[in-house]
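**Q** Need a 3D model of the sequence below.
(chains A and B)
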Amino acid sequence: MPRTEHYLSIDAANPRHTERALADLRDGLSQWRLALALARLDLRNRYRGSVLGPLWMSLSSLIMLIGLGLLYGALFKLKLSEYLPHLAVSLIVWQWIAGFINDSCATLTSAEGVIRQMRLPYTLHALRVAFRNALVAAHSLLLVPIVLLIFRQVPGPEAFLAIPGLLLICINMVAGGLLLGMICARFRDIPPIVANAVQLAFFVSPILWKPELLGDAMVWMAFNPFYALLETVRGPLLEGGGPPLAWLAAIFYTAVHVVLAGFLFMRFRSRIAFWV
Amino acid sequence: MARICAEGLRIEFPLYHFGARSMKKRLLGAASRRVKADAQNRVVVSALSDLSFTIESGERVALVGHNGAGKSTLLRTLAGIYEPVGGRLTVEGEIGSLIDPAAGMDMLSTGRENIRLRALYRGLNAEETAALEAEAGEFSGLDEFLDVPIHGYSAGMSIRLAFALATAVQPQILLMDEWFSAGDADFMAKAETRLEQLIKASEILVIATHDMNVVKRWCNRVIRLEAGRILGDAPL
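**A** Take a look at the predicted model:
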C-alpha cells in the first residue's frame, strides 16, 4: 500500500495553496528515481518486441535529416556542409520540444488510474513525461556530434554553453508538463489545438530555414519562444555562442512559463483529482 | 497516536464534460438531492456532505451503505486523494490504503520488476527493497512466475502478488475498500492470517464493506452512509 505523510491536514477554509503546491514540487522532485523508472518503463513498453527498439528514434531522425537536408539544401542553394549541421541541431531539438508538448497534454489524464488510487505528488507525473521525452531525444541527439564531425564543424569551448541551454529546455518541460497537463485535463479540446499550434510553430521557427534569411526582420524572431530556446542550444554548437538577445528572450520566456505554471498549479492543484 | 478528525467535510464532483444546457436543466430539474449547482453555477454531484466524526486510536470503523453512498469517496478523501471543498480534515498517523491493491502495477513488467517498482513508489532504500522483494516473492508463492510479465498471470496469481505487495507494510491507519476474497483456498487462509495481523497491529481501521460478517468480526463502530451523509454512527 502506498505510504503517505504522517500528518495530513486539509482545511477548505484555509487551503494553504502555496505551501502545499511547494510541498508537492519538493516531494515530486525528491522522487525523481521513481519518475525516471516510470519513464524508462514507458519507453520499454512502447518498443516491446521491436528489434531495433529505441534506435528507431535515431533512425527516423536520420532519415528525416537526410531527406529534408538534400531537398531544402538545394531549395535554399546552400552547401550541405553549411546546411546540414544547422538542420541536424535544429530538427532534433525541435523534435524533442514538439514531441514533449504533444505528450505533455496527457501528463495527468494518462496517469488517471494512479491519481485516483494513490496520493502522489503531481510533480512526479510531470517529471515522468519530461524524463520520457528526454530519453527519446537522447537517442536522436547522438546524431548531432556525428554530423558535426562529418562536416568538420567541431565547436570550441563555447559549446559548453549548450548545457545551460539544455537546462532551460528541461525547466520548461517540467513547468510545461504541469501547465499543459492541467489545462488539458480540465478542457479536453485543448490537445488538438496544441497539436495544430505545434505544427504551425515548426514552419514559423527557424528549423528548416536559417534565421539569417530573414535579414533585417530577424530581430522579430525574439518574439518566437521556440526560436529563443532553439538558439540557446544551436548557438553554442554552431555559431560560437548564439545572439545575446536570444538568450535573454529564452530566459524571459522560461521565467514567464514557470511563473504561469506555478500560479495555476498553486491555484488548482487540489482540483486535479476531480479533473482527470 | 493515530487520529482522524473530520468537521463538516464536503466533497463535490463537478460534471465538467456535460456542458449542454438541456442536460443541466434535466439534471437539476428533478428534485434531486445530490446533483445540484454550486456557487459558480456548475453541475456538481454532491458525493459527501457535511460529515463530522472523530476516530480515535483503537477504533475499528465499518463504513456501510448502498452503492453510491459515498463509502469509497470517503476512503479516498481520508487517504488524501480527494481534497474537500468544504470543512476540515485532519489525519494523524501513517496511512496505508488498500483501496485498489493493483494500482501502480505495470502489466508488461515481470512480478519482480513490479515489486521493485512498488518499492520506488514507497520510497524504500536498497535494503528495504531487497527485503520487500524477498518477502513479497515468498508470500505470493509465485516461484518461477516472478520472472514472467504479469499480463501472463492468471487472475488468482495477480491478486496474490497485489495482495503480498499491498500488505507488506504495517501502517498506523489502515483504509480498506471491501474485504479481499480471491485466490485459491490455500492462499485465502494465508491472506486471512496476514490481514488479521495487519488489522490487529494497526491503530485505526476504516473499512468500507457490504458484508455484515466482516463488520461483526472486525469492527467496533459502524458509520452508515446514505447519499453522502451520515445516517447513523454507533459503537457495535
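
**Q** quick one: A:Pro206 is in a helix?
**A** No. Going by DSSP: H, G, I helix; E, B strand; the rest coil, the assignment for A:Pro206 is coil, not a helix.

**Q** What does it show for phi and psi?
**A** According to degrees, to the nearest 10, the main-chain angles of A:Pro206 amount to phi -70, psi 80.

**Q** Does it touch A:Ala228 like I think?
**A** No. A:Pro206 is beyond contact range of A:Ala228, at 10.8 Å (criterion: CB atoms under 8 Å). Any C-beta I mention is one placed from the backbone N, CA and C, and that applies to glycine too.

**Q** Compare these two (neighbour count), which wins?
**A** Using other CB atoms under 10 Å in any protein chain shown, the more surrounded residue of A:Pro206 and A:Ala228 is A:Ala228, with 26 against 21.

**Q** Quick one: residues contacting the spatially most central residue of chain B.
**A** Residue closest to the mean C-alpha point of chain B, counted by CA atoms, centre = their mean, is B:Ile99 at 2.5 Å. B:Ile99 makes contact with A:Gln117, B:Ser72, B:Leu75, B:Arg76, B:Ala79, B:Leu175, B:Met176, B:Asp177, according to CB atoms under 8 Å, 6 or more residues apart in numbering or on different chains.

**Q** As a check, name the ranges of all strands in chain B.
**A** Ranges of strands in chain B, per DSSP state E, are B:3-14, B:35-37, B:43-56, B:60-64, B:86-92, B:95-98, B:173-177, B:204-208, B:221-226, B:229-235.

**Q** any chance of those strands in CSV, with mean pLDDT and mean neighbour count too?
**A** Below are the strands of chain B laid out as CSV (pLDDT from 0 to 100; neighbours: other CB atoms under 10 Å in any protein chain shown):
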stretch, mean pLDDT, mean neighbour count
strand B:3-14, 92, 20
strand B:35-37, 77, 15
strand B:43-56, 91, 19
strand B:60-64, 94, 23
strand B:86-92, 93, 20
strand B:95-98, 86, 25
strand B:173-177, 90, 25
strand B:204-208, 93, 25
strand B:221-226, 94, 19
strand B:229-235, 92, 13
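
**Q** Any idea how many residues pack against B:Ser109?
**A** 18.

**Q** before we move on, the earlier item: would you turn the strands of chain B into a markdown table with distance to chain A?
**A** Shown next, in a markdown table, are the strands of chain B (distance: least, CB to the nearest CB, whole Å):
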| stretch | distance to chain A |
| --- | --- |
| strand B:3-14 | 6 |
| strand B:35-37 | 15 |
| strand B:43-56 | 9 |
| strand B:60-64 | 17 |
| strand B:86-92 | 4 |
| strand B:95-98 | 4 |
| strand B:173-177 | 8 |
| strand B:204-208 | 13 |
| strand B:221-226 | 19 |
| strand B:229-235 | 17 |
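
**Q** nearest spatial neighbour of the residue in the stretch 1-150 of chain A that chain B sits nearest to, skipping sequence neighbours?
**A** Closest to chain B within the stretch 1-150 of chain A is A:Gln117: 3.4 Å, counting by CB to the nearest CB. Closest residue to A:Gln117 apart from its sequence neighbours, by CB to CB, 6 or more residues apart in numbering or on different chains: B:Ala103 at 3.4 Å.

**Q** which ones are touching that neighbour?
**A** By CB under 8 Å, 6+ apart, the neighbours of B:Ala103 are A:Pro2, A:Gly113, A:Val114, A:Gln117, A:Met118.

**Q** Also B:Pro235?
**A** B:Asn220, B:Arg221, B:Val222.

**Q** The helix or strand bottoming out on mean pLDDT in chain A packs against which elements?
**A** In chain A, no helix or strand scores lower on mean pLDDT, DSSP states H and E than strand A:7-11, which sits at a mean of 86. When contacts are defined as 3 or more CB pairs under 8 Å, 6 or more residues apart in numbering or on different chains; DSSP states H and E, strand A:7-11 packs onto strand B:86-92.

**Q** what does the strand it packs on rub up against?
**A** Against strand B:86-92 from outside (CB under 8 Å, 6+ apart): A:6-13, B:1-10, B:50-52, B:77-78, B:80, B:173.

**Q** any residues touching stretch A:236-255, and which ones?
**A** With CB under 8 Å, 6+ apart as the criterion, stretch A:236-255 contacts A:85-86, A:89, A:144, A:148, A:153, A:155-156, A:158-162, A:165, A:168, A:171-172, A:175, A:219, A:221-223, A:225, A:227-229, A:231-232, A:234-235.

**Q** low-confidence ranges in chain B?
**A** By pLDDT under 70, the weakly predicted segments of chain B are B:17-33, B:180-183.

**Q** In space, what's closest to residue 210 - neighbours in sequence excluded?
**A** Using chain A. A:His86 (5.8 Å).

**Q** Wait, chain B was what I had in mind.
**A** B:His210 sits nearest to B:Val64 (CB to CB, 6+ apart), 7.2 Å away.

**Q** quick one: buried residues of stretch A:33-53?
**A** By neighbour count with 16 or more other CB atoms under 10 Å in any protein chain shown, stretch A:33-53 contains the buried residues A:Leu34, A:Ala35, A:Leu36, A:Ala37, A:Leu38, A:Ala39, A:Leu41, A:Asp42, A:Leu43.

**Q** Let's test this: mean pLDDT of that stretch, rounded?
**A** Across stretch A:33-53, the average pLDDT comes to 91.

**Q** cool, and stretch A:115-128?
**A** Mean predicted lDDT for stretch A:115-128 stands at 93.

**Q** chain center to that stretch, what's the gap?
**A** Distance, stretch centre to chain centre, for stretch A:115-128: 19 Å (CA atoms, centre = their mean, to the nearest Å).

**Q** Check chain B for its longest helix and report it.
**A** helix B:185-201 (DSSP state H).

**Q** how about that one, does it reach chain A?
**A** No. Interface with chain A: helix B:185-201 contributes nothing (CB under 8 Å from any CB of the partner chain), its closest point being 9.4 Å away.

**Q** quick one, that helix and strand B:173-177 angle?
**A** Relative orientation of helix B:185-201 versus strand B:173-177 (axes from the mean of the first three to the mean of the last three CA atoms, to 10 degrees): 140 degrees.

**Q** Check which residues of helix B:185-201 are buried.
**A** B:Phe187, B:Lys190, B:Ala191, B:Arg194, B:Leu195, B:Leu198, B:Ile199.

**Q** again, but for stretch A:197-209
**A** A:Val198, A:Ala201, A:Phe202, A:Ser205, A:Pro206, A:Ile207, A:Leu208, A:Trp209.

**Q** what is the rounded mean pLDDT of that stretch?
**A** On average, stretch A:197-209 scores 95.
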